[in-house]
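Asker: mind looking at a prediction? Sequence and model below.
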Amino acid sequence: MPDDLWVMDTSSIIAVRRRPREEHAPVYAGMTRLAENGGLKFPRQVLGELERAHDGQPTDRPYLWVCEVRAHALANGPAMTTVKHVMDRAGDVVDHDKASGAEDADPYVIAVALELQRPDAVVRVVTEDQRNHQRKIALTTACGILGIPAVNLSAFLRMVGIEPPVGDART
């Protein structure tokens, strides 16, 4: 069976906060194990987005988590030629009219996924960005254009065994 490789978007790392509080630690622990085993990656731009949003509080768990796992999960690259390919095919994954000059992680998430592809692995993007807008397509739409499967956090957690299926007696 091929290895599963996962590329996390900022939105899904933040989405852990929307889960019941008692699930936060086990979810982050499971994602940490996956990162330590090389199965979970994110581009440096995801870290950058979380740094910009970081409120300096010791309870900013998404930011603290990426800092904890970055030695294992921070992807090398991606190459600018790969990012250019993403932008040529699905450039409207970035809102070019947004006021902030900060770099959007979305094209880099896709580029990392493209670069991780290999015959013996299934590479998927994990994102909550599933809604197209007038000026920006969803990350899931851009992934579809480029042939990369994308799932939300809930599906990812089930697929990797962090969240048991409904009705499972595991605790």
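Answerer: Received the coordinates, thanks.
Asker: quick check: mean pLDDT across stretch 4-22?
Answerer: Per-residue pLDDT over stretch 4-22 has a mean of 94.
Asker: so for it, what gets flagged as buried?
Answerer: Neighbour counts using 16 or more other CB atoms under 10 Å place Leu5, Trp6, Val7, Met8, Asp9, Thr10, Ser11, Ser12, Ile13, Ile14, Ala15, Val16 of stretch 4-22 among the buried residues. Where you see a C-beta, it was placed from the backbone N, CA and C, and this is true even at glycine.
Asker: neighbours of the closest residue to the fifth one other than its chain neighbours, just the number please.
Answerer: The shortest distance from Asp9 to any residue other than its chain neighbours is 3.8 Å, reached at Thr127 (CB to CB, 6 or more residues apart in numbering). For Thr127, the number of neighbouring residues by other CB atoms under 10 Å comes to 28.
Asker: next, the contact list for Thr127, please.
Answerer: If a contact means CB atoms under 8 Å, 6 or more residues apart in numbering, then Thr127 has Asp9, Ser11, Ser12, Val109, Leu139, Thr140, Cys143, Ala150, Asn152 as its contacts.
Asker: quick one: it from Asp120, how far?
Answerer: With distances taken as CB to CB, to the nearest Å, Thr127 is found 24 Å from Asp120.
Asker: quick one: contacts for Asn152?
Answerer: Neighbouring residues of Asn152 by CB under 8 Å, 6+ apart: Ser12, Ala15, Val126, Thr127, Glu128, Gln130.
Asker: got a pLDDT number for it?
Answerer: 97.
Asker: next one: Glu103
Answerer: Note for Glu103: predicted pLDDT of 75.
Asker: ok, which stretches of this protein are helices?
Answerer: If DSSP state H is used as the criterion, the helices of the chain fall at 10-15, 21-36, 44-53, 61-73, 80-90, 106-116, 139-145, 153-159.
Asker: mean pLDDT for these: which is lowest?
Answerer: helix 44-53 (a mean of 89).
Asker: quick check: angle from that one to helix 106-116?
Answerer: Interaxial angle of helix 44-53 relative to helix 106-116 (axes from the mean of the first three to the mean of the last three CA atoms, to 10 degrees): 150 degrees.
Asker: which strands and helices lie in contact with helix 44-53?
Answerer: If contacts are counted by 3 or more CB pairs under 8 Å, 6 or more residues apart in numbering; DSSP states H and E, helix 44-53 sits against helix 10-15, helix 61-73, helix 106-116.
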